[in-house]
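Peer 1: this one's sequence-less:
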């Protein structure tokens with residue numbers, strides 16, 4: 001399933017129509033829409049609201065881990081044309097050191113770009129996109145799904161020279177409907193990505209269990225090793241399997257795995 005999080009109704013309306021989503025009435029805090037393949041939650045503005053919307057969506061739809069998550073919205077940029085579409089490959093926060101790197105699938109004619117999440121409207125445009133929700137969305141979604149399954153698409157609504165009329169709901173909706181062909185391609189890409197990722201993780205889990213089944217780690221050591229090995233396999237790092245032959249020196253195994261990732 002793909003869970004879509006947007007900040008406002010005008011940003012959501014195109015998807016509600018095109019995906020033929022029905023409103024669910026069991027959540028009073030948010031407006032939530034769904035069908036058998038997609039959910040869409042309108043979070044409201046701000047990273048805290050976005051994070052809460054992710055958590056509420058996860059709870060409402062069966063607490064199923066490792067689904068696709070997608071944040072869609074409008075954003076400001078220094079000099080990009082209004083209506084320009086981007087996939088986010090780096091997220092940072094204006095007032096913290098937090099930094100995230102979502103997976104950015106390749107889509108023809110859609111560029112990758114970084115995005116900075118601000119607590120208030122940013123009128124000082126720069127070469128990163130500006131929004132108010134994305135860091136909260138990503139940090140929350142990453143608790144429930146693999147990073148490879150969490151995505152964000154932004155469409156430029158304003159720059160230092162020009163801006164859309166944010167009060168005109170039809171203008172906001174048109175930014176998204178104009179990109180309908182690209183959105184359709186994107187949904188197909190991330191649907192296949194979900195299947196590929198889950199297949200890969202099943203294989204990875206089997207490899208991990210085979211490597212450590214004869215080593216008596218403590219509970220905390222076992223969790224550490226599993227997490228480290230999963231990262232190593234997902235990042236396709238080369239691993240020296242001989243390090244698992246020395247069953248007695250468990251700390252050395254963990255040290256070597258961490259060193260491989262430089263954590």
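Peer 2: Perfect, thanks for sending it. All values derive from a computational prediction rather than experimental measurement.
Peer 1: state the pLDDT value of the most centrally placed residue in the chain.
Peer 2: The residue lying closest to the centre of the chain (CA atoms, centre = their mean) is residue 150, at 2.4 Å. On the pLDDT scale, residue 150 is placed at 92.
Peer 1: I'd say it and residue 101 touch.
Peer 2: No: Residue 150 lies out of contact with residue 101 (CB atoms under 8 Å); the separation is 10.2 Å. C-betas here are computed from N, CA, C, even on glycine.
Peer 1: mind listing the strands for the stretch 51-200 of the chain?
Peer 2: Along the stretch 51-200 of the chain, counting by DSSP state E, counting those that start in this stretch, strands occupy 68-76, 85-93, 99-100, 111-117, 129-131, 150-158.
Peer 1: average pLDDT across the shortest one?
Peer 2: Looking back up the chat, that one is strand 99-100. Throughout strand 99-100, pLDDT has a mean value of 90.
Peer 1: which neighbours in the sheet does it have, and how are they oriented?
Peer 2: Strand 99-100 has the following strand partners under DSSP bridges: strand 85-93 (antiparallel).
Peer 1: report the angle between the partner strand and strand 111-117.
Peer 2: If you take axes from the mean of the first three to the mean of the last three CA atoms, to 10 degrees, strand 85-93 sits at 40 degrees to strand 111-117.
Peer 1: where do the helices sit along the stretch 51-200 of the chain?
Peer 2: Counting by DSSP state H, counting those that start in this stretch, the stretch 51-200 of the chain has these helices, from start to end: 134-141, 169-177, 180-212.
Peer 1: which other helices and strands contact the first one?
Peer 2: When contacts are defined as 3 or more CB pairs under 8 Å, 6 or more residues apart in numbering; DSSP states H and E, helix 134-141 packs onto strand 2-6, helix 47-60, strand 68-76, strand 85-93, strand 99-100, strand 111-117, strand 150-158.
Peer 1: what angle do the third one and helix 169-177 make?
Peer 2: Counting by the same axes, to 10 degrees, strand 68-76 lies at 130 degrees to helix 169-177.
Peer 1: buried sites along strand 68-76?
Peer 2: Using 16 or more other CB atoms under 10 Å as the test for burial, strand 68-76 gives 68-76.
Peer 1: and for residue 109, the neighbour number?
Peer 2: Neighbours of residue 109 under the rule other CB atoms under 10 Å: 6.
Peer 1: contacts only, for it.
Peer 2: Taking CB atoms under 8 Å, 6 or more residues apart in numbering, we find residue 109 in contact with residue 182.
Peer 1: what are the buried residues along the helix or strand hosting residue 10?
Peer 2: Assigning secondary structure by DSSP states H and E places residue 10 in helix 9-18. Neighbour-count burial for helix 9-18, with 16+ other CB under 10 Å as criterion, is recorded at 10-16.
Peer 1: got the contact list for stretch 117-134?
Peer 2: 5, 7, 43, 45-47, 49-50, 71, 73-79, 86, 88, 91-95, 113-116, 135-136, 152, 154, 156, 159-160.
Peer 1: and stretch 108-125, how far out from the chain's middle?
Peer 2: With CA atoms, centre = their mean, to the nearest Å as the basis, stretch 108-125 stands 15 Å off its chain's centre.
Peer 1: oh, I was asking about stretch 256-263
Peer 2: Centre-to-centre, stretch 256-263 and its host chain are 25 Å apart (CA atoms, centre = their mean).
Peer 1: extract the residue ranges of the stretch 101-250 of the chain that are flagged as low pLDDT.
Peer 2: Applying pLDDT under 70 to the stretch 101-250 of the chain flags residues 194-201, 234-236, 246-248.
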